[in-house]
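*Asks:* Sequence and predicted structure below; questions after.
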Amino acid sequence: MTDTSTEHPFLTACRRGKTPYTPVWLMRQAGRYMQHYRDVRAKVSFLDLCKTPDLVAEVTVTPVERLNVDAAILFADILLLLEPMGVGLEYATGGPVIQRPVRTGGDIDALRDPVPEESLSYVYAAVRSTRAALNGRVPLIGFCGAPFTLASYLIEGGASRNYIHTKRLYHTDPGAWNALMERLVASTLSYVNAQIDAGIDALQVFDSWVGCLAPDDYREYVLPHMRRLMAGVTPGVPVIHFGTGTCGLLELMREAGSDVMGVDWRVDLDEAWSRVGHDMAIQGNLDPVALFAPPAEIRRRVGDILRRVQGRPGHIFNLGHGILPETPVDHVRAMVDAVHELSA
Ligand SMILES: Cc1c2[nH]c(c1CCC(=O)O)Cc1[nH]c(c(CCC(=O)O)c1C)Cc1[nH]c(c(CCC(=O)O)c1C)Cc1[nH]c(c(CCC(=O)O)c1C)C2
């Protein structure tokens, strides 16, 4: 695994090349289910952690060492980009909060356009220190929020159940909605292209909450912006497009133009893959709650997913969403070992 002269299986799989085993990594692999992370967080707030490159490197690399996963994901958050827009980002105990949500065309006009190279320079410092700490062992994934998911936080002011304010904006003022999405795409492109310059090996775009949309609304109010986002990413770095609850949207999401489609557990992986097309790679899709089952049952379920894709090149194993904080670490390790052993 330390041989950097050959491409790592994770990157080969993103390009649908043949690999000696199915590569695996886990969303939220750095997080509260791990004692090491809780120890770090006992001493420093979430935002201060994100802004301290050496600590970011430490919490990013630790799960790679403990779990033997095939990729690292930079420790950061999709909402960091919103802080320099001047809306008041805060990580409260109940989850992230936007103190001054945007609801009208006037609010949108008043947003600042972030200059990521300046206000988010700590992210690029973190990419460099994490790369140095990884020392070529596994590729480093950078990430961003997709414009719809970012807009939902900006407009609702935090997590949401029904997205009433978000949907009302495009129902009542599509011009303001499109202006907001265009600004988010522009800022996100400067943000991620500077992550690429700093040395990330792959990019995941998290559209975590896009599954709340009717297909016609996705087509009209989201897809054109996603197309411009994907087209603007500096070429050469594979892009993973992930969402949850996207069963009704997969064919439309394909049109955005990523290399890899990430799917949750609510759809059979072989069905998802044939619907997005075998000319794309696929990532997924074990239910994160399956990690609470006994290791023998976890192994059986890993085997089921691997059988569905029948060894077709271009599968990256992952959960269907992030690891939950209460997950037993030894079960996570058992899952990673099962993927490696059963796919070899
Ligand atoms: C560990 C963590 C993160 N963010 C937050 C936490 C919890 C803070 C803590 O308890 O220490 C606040 C934090 N930030 C956010 C949330 C979700 C809250 C909500 O339900 O709206 C929380 C708890 C918003 C967020 N943030 C992210 C998403 C997309 C992924 C997803 O769908 O889960 C979303 C929606 C991305 C994210 N966020 C994070 C990573 C790190 C890398 C890794 O995966 O190991 C990543 C990729 C890190």
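*Replies:* That came in fine, so what should we check first? Residues are numbered from 1 along each chain as shown.
*Asks:* Show which residues not belonging to the longest helix along the chain make contact with it.
*Replies:* When the chain is parsed with DSSP state H, its longest helix is helix 174-198. Identification of contacts with helix 174-198 by Cβ atoms under 8 Å, 6 or more residues apart in numbering yields 74, 81, 85, 102, 104-105, 108-109, 111, 113-117, 120, 123-124, 127-128, 142, 144-145, 147-148, 150-151, 154, 169-170, 203, 221-222, 225, 228-229, 232-234, 236-237. C-betas here are computed from N, CA, C, even on glycine.
*Asks:* Just the ones of those residues in strands?
*Replies:* If you go by DSSP state E, these have Gly142, Cys144, Gly145, Leu203 in strands.
*Asks:* Including pLDDT, distance to Ala133 and neighbour count, could the residues you listed go into a markdown table?
*Replies:* A markdown table is the format used below for those (pLDDT from 0 to 100; distance: Cβ to Cβ, whole Å; neighbours: other Cβ atoms under 10 Å):
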| residue | pLDDT | distance to Ala133 | neighbour count |
| --- | --- | --- | --- |
| Gly142 | 98 | 15 | 25 |
| Cys144 | 98 | 22 | 24 |
| Gly145 | 98 | 25 | 24 |
| Leu203 | 98 | 20 | 24 |
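*Asks:* Quick check on the contacts of helix 174-198: which are buried?
*Replies:* Among these, those buried by neighbour count (16 or more other Cβ atoms under 10 Å) are 74, 81, 85, 102, 108, 111, 114, 116, 120, 123-124, 127, 142, 144-145, 147-148, 150-151, 154, 169-170, 203, 221-222, 225, 228-229, 233, 237.
*Asks:* Can you classify the residue nearest to the spatial centre of the chain by secondary structure?
*Replies:* Taking Cα atoms, centre = their mean as the criterion, Phe206 is the residue nearest the geometric centre of the chain, at 4.1 Å. What DSSP: H, G, I helix; E, B strand; the rest coil gives for Phe206 is strand.
*Asks:* which ones are touching it?
*Replies:* Going by Cβ under 8 Å, 6+ apart, the list of residues near Phe206 reads Ile78, Phe143, Cys144, Gly145, Ala146, Thr149, Phe242, Gly243.
*Asks:* if we go to 7 Å?
*Replies:* By Cβ atoms under 7 Å, 6 or more residues apart in numbering, the contact set of Phe206 is Ile78, Phe143, Gly145, Ala146, Thr149, Phe242.
*Asks:* Over to Leu250?
*Replies:* Shown in contact with Leu250 (Cβ under 7 Å, 6+ apart): Met261, Ala272, Arg275, Val276.
*Asks:* Please report how far it lies from the ligand.
*Replies:* Distance of Leu250 to the ligand, given as Cβ to the nearest ligand atom, to the nearest Å: 17 Å.
*Asks:* What does the pLDDT read for that residue?
*Replies:* Note for Leu250: predicted pLDDT of 98.
*Asks:* If we ignore the residues flanking it in sequence, what's nearest it?
*Replies:* Nearest non-adjacent residue to Leu250, counting by Cβ to Cβ, 6 or more residues apart in numbering: Arg275, 4.8 Å away.
*Asks:* Could you check how many residues crowd around the one you found?
*Replies:* Arg275 has 15 neighbours, counted by other Cβ atoms under 10 Å.
*Asks:* now the strand or helix carrying it: how far from the chain's centre is it?
*Replies:* Assigned by DSSP states H and E, Arg275 falls within helix 269-276. Mean-position distance between helix 269-276 and its chain equals 20 Å (Cα atoms, centre = their mean, to the nearest Å).
*Asks:* Please apply the same query to stretch 20-33.
*Replies:* 12 Å.
*Asks:* Can you tell me what sits against that stretch?
*Replies:* 9-10, 13, 37-38, 59-60, 62-63, 67, 69-71, 73, 75, 306, 315-319, 321-327, 329, 332, 336, 339-340, 343-344.
*Asks:* how about low-confidence regions in the protein?
*Replies:* Along the chain, segments meeting pLDDT under 70 span 1-5.
*Asks:* quick one: Met230 from the ligand, how far?
*Replies:* On the measure of Cβ to the nearest ligand atom, Met230 and the ligand end up 17 Å apart.
*Asks:* circling back to that earlier point, could you give the angle of the next helix-or-strand element following the helix holding Arg275 to strand 202-207?
*Replies:* Once the chain leaves helix 269-276, the next helix or strand it forms, by DSSP H and E, is strand 281-286. Inter-element angle recorded for strand 281-286 and strand 202-207: 60 degrees (by axes from the mean of the first three to the mean of the last three Cα atoms, to 10 degrees).
*Asks:* close to the ligand, is strand 281-286?
*Replies:* No - Strand 281-286 is not in contact with the ligand by Cβ under 6 Å from any ligand atom; minimum separation 13.2 Å.
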